[in-house]
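A.B. asks: Predicted model and sequence below, questions to follow.
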Amino acid sequence: MEESSKRIESIASIPTLLPDWFRKNARVLPWRRDKDPYHVWLSEIMLQQTRVEAVISYYERFLTAAPDILALSELEDEKLMKLWEGLGYYSRARNLKKAAQKIMTEFGGVFPTTYENIRSLPGVGPYTAGAIASICFELPCPAVDGNVLRVFTRLTADGANTDEPQTKKRIEQALIPIYRQGLCSNLTQGLMELGACVCVPNGEPKCGVCPLNGTCMAHAAGNERDYPVKEKKKARKTVNKLVLVLIGDGRITLRQRAASGLLAGLWEFPNRDFPSPEEIHENAAGAFAAALGAKPTELQRKTTYTHVFTHVEWRMTAFCFSCSSLPKSLPAFTLTDIEREHALPSAFRPFLDFSKDLL
Ligand code: SF4
């Protein structure tokens, strides 16, 4: 059989085999309890860049604080950031609230039901719009993310560069004809589930239990891991940071990050960048503390931690000082204040944990 006929056959096997497999094998997840678009939307936004296991507790906590779109649209920013603390990519949370406000003002408080209107919401790209439209409203809108790209390119032995936007577009188009009425929700979820649990990204795919193994071209050729083809990643930039944990009178000094850019508006320990790690030492830390207006009395602890973002890596060395006086120009909080009200991103969290017992 010619390659192109094999591809057609492979794609045609998806609606025949996958929805049934999904019905029998779907993991029980809280956002699958119903098809409420608010629930599906929230879970899809949280699941971007974050593992399912990590999302579950965030999802439940978020819904308790904001059980519906109206509550989300009225959520205070500081509370929103606190609910998102540790999940990263905080613009996702800001866009959720903006989108909720748009639903309240432009759609009468009712989640939009067409692909175009769903796509018009802040933070909702083609993937998320397709997921909501197909899962909640049975619309023929494929949702193509990394999982689906992997399944599709292996199934059809497609060697195109999946980092190219046109490859994604082409694969979306190729999937539309199989999205038949009554199957849309389970096709989207089945493709996602297969990519997450069977046709896995790291390690060997579990082809032995895959419902598509009879028509999968990469499996037939035994070269499953040659797909998907991606561009070589550029090396991440490295930034060396000196971090100050200043403690005095049961409080700890924090400062708020700028309103735009990485970790915008979140809280952090005072820190500054240095060209090389050799320049980061106790004297430099003491000088930085003094420049901020603190009076450090004793270096209690020193620790290092590297936090990896998508494009940059922060190599941090933290110095924890007890102080007779904290900087007047920066706010200081008790541990309870921080835990209840101020969102401290994961990049800085280890320094709070390592100095907690000194507070
Ligand atoms: S047979 Fe293997 S490579 Fe092909 S789709 Fe299934 S898990 Fe992926």
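C.D. replies: Yep, that arrived. Numbers count the residues shown, from 1 in each chain.
A.B. asks: ok, which stretches of the stretch 201-350 of the chain are helices?
C.D. replies: Here the stretch 201-350 of the chain has its helices, by DSSP state H, counting those that start in this stretch, at 217-221, 282-292, 335-341, 349-355.
A.B. asks: Need the CA coordinates for the longest one. CSV is fine.
C.D. replies: Backbone C-alpha positions of helix 282-292 (Å, rounded to 0.1, in the frame of the first residue of the first chain) are rendered in CSV as follows:
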residue,chain,number,x,y,z
GLU,A,282,28.9,37.0,52.4
ASN,A,283,30.5,40.4,52.1
ALA,A,284,28.5,41.2,48.9
ALA,A,285,25.3,40.0,50.7
GLY,A,286,26.1,42.2,53.7
ALA,A,287,26.7,45.2,51.5
PHE,A,288,23.5,44.6,49.6
ALA,A,289,21.5,44.3,52.8
ALA,A,290,23.1,47.6,54.1
ALA,A,291,22.3,49.3,50.8
LEU,A,292,18.7,48.4,51.3
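A.B. asks: tell me the phi and psi of A131?
C.D. replies: Main-chain dihedrals, A131, degrees, to the nearest 10: phi -60, psi -50.
A.B. asks: That one is in contact with E44, isn't it?
C.D. replies: Yes - counting by CB atoms under 8 Å, A131 touches E44, with 5.1 Å between them. Using the backbone N, CA and C atoms, a C-beta is placed for each residue, glycine as well.
A.B. asks: Tell me which of those two has more neighbours.
C.D. replies: Between A131 and E44, A131 has the larger neighbour count (other CB atoms under 10 Å), namely 26 against 21.
A.B. asks: Which residue, other than its chain neighbours, is closest to W21?
C.D. replies: P211 (3.9 Å; CB to CB, 6 or more residues apart in numbering).
A.B. asks: roughly how far apart are the residue nearest to R255 when sequence neighbours are not counted and the ligand?
C.D. replies: Spatially, and ignoring its direct neighbours in sequence, R255 is nearest to L330 (5.0 Å; CB to CB, 6+ apart). As judged by CB to the nearest ligand atom, to the nearest Å, L330 and the ligand stand 52 Å apart.
A.B. asks: Centre of the chain to stretch 98-109, how far?
C.D. replies: How far stretch 98-109 lies from its chain's middle: 23 Å, per CA atoms, centre = their mean, to the nearest Å.
A.B. asks: Contacts for that stretch next, please.
C.D. replies: For stretch 98-109, the surrounding residues in contact (CB atoms under 8 Å, 6 or more residues apart in numbering) are 41, 69-70, 72-73, 110-112, 117, 120-124.
A.B. asks: which parts of it are buried?
C.D. replies: 99-104, 107 (16 or more other CB atoms under 10 Å).
A.B. asks: before we move on, what about stretch 241-254?
C.D. replies: Neighbour count says stretch 241-254 has 241-248, 251-254 buried, by 16+ other CB under 10 Å.
A.B. asks: next one: stretch 36-46
C.D. replies: 37-46.
A.B. asks: What about these, which are in helices?
C.D. replies: With DSSP state H as the criterion, helices contain 37-46 from among the buried residues of stretch 36-46.
A.B. asks: in the stretch 101-250 of the chain, which spans are strands?
C.D. replies: All strands of the stretch 101-250 of the chain, identified by DSSP state E, counting those that start in this stretch, fall at 237-248.
A.B. asks: Against L263, how distant is the closest residue to the ligand within the stretch 251-359 of the chain?
C.D. replies: Nearest residue of the stretch 251-359 of the chain to the ligand, counting by CB to the nearest ligand atom: T310, 26.0 Å away. As defined by CB to CB, to the nearest Å, T310 lies at a distance of 13 Å from L263.
A.B. asks: residues from this protein in reach of the ligand?
C.D. replies: For the chain, the residues in contact with the ligand (CB under 6 Å from any ligand atom) are 151, 154-155, 198-199, 205-207, 210, 212-213, 216, 218-219, 224.
A.B. asks: switch to 8 Å and redo it
C.D. replies: Within the chain, the positions near the ligand by CB under 8 Å from any ligand atom are 150-151, 154-155, 194, 198-200, 205-207, 210-213, 216-219, 224, 227.
A.B. asks: In ChimeraX, select just the buried ones from those residues.
C.D. replies: Selecting only the buried entries of the residues of the chain next to the ligand in ChimeraX, with 16+ other CB under 10 Å as the criterion:
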select :150,151,154,155,194,198,199,205,207,210,211,212,213,216,217,218,219,224,227
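A.B. asks: returning to that earlier point: ok, T310 and L263, which is more surrounded?
C.D. replies: Set T310 next to L263 and count neighbours by other CB under 10 Å: L263 wins out with 21 against 10.
A.B. asks: Report whether the expected contact of that one with S91 is present.
C.D. replies: No - taking CB under 8 Å as the definition, L263 is not a contact partner of S91, at 9.9 Å.
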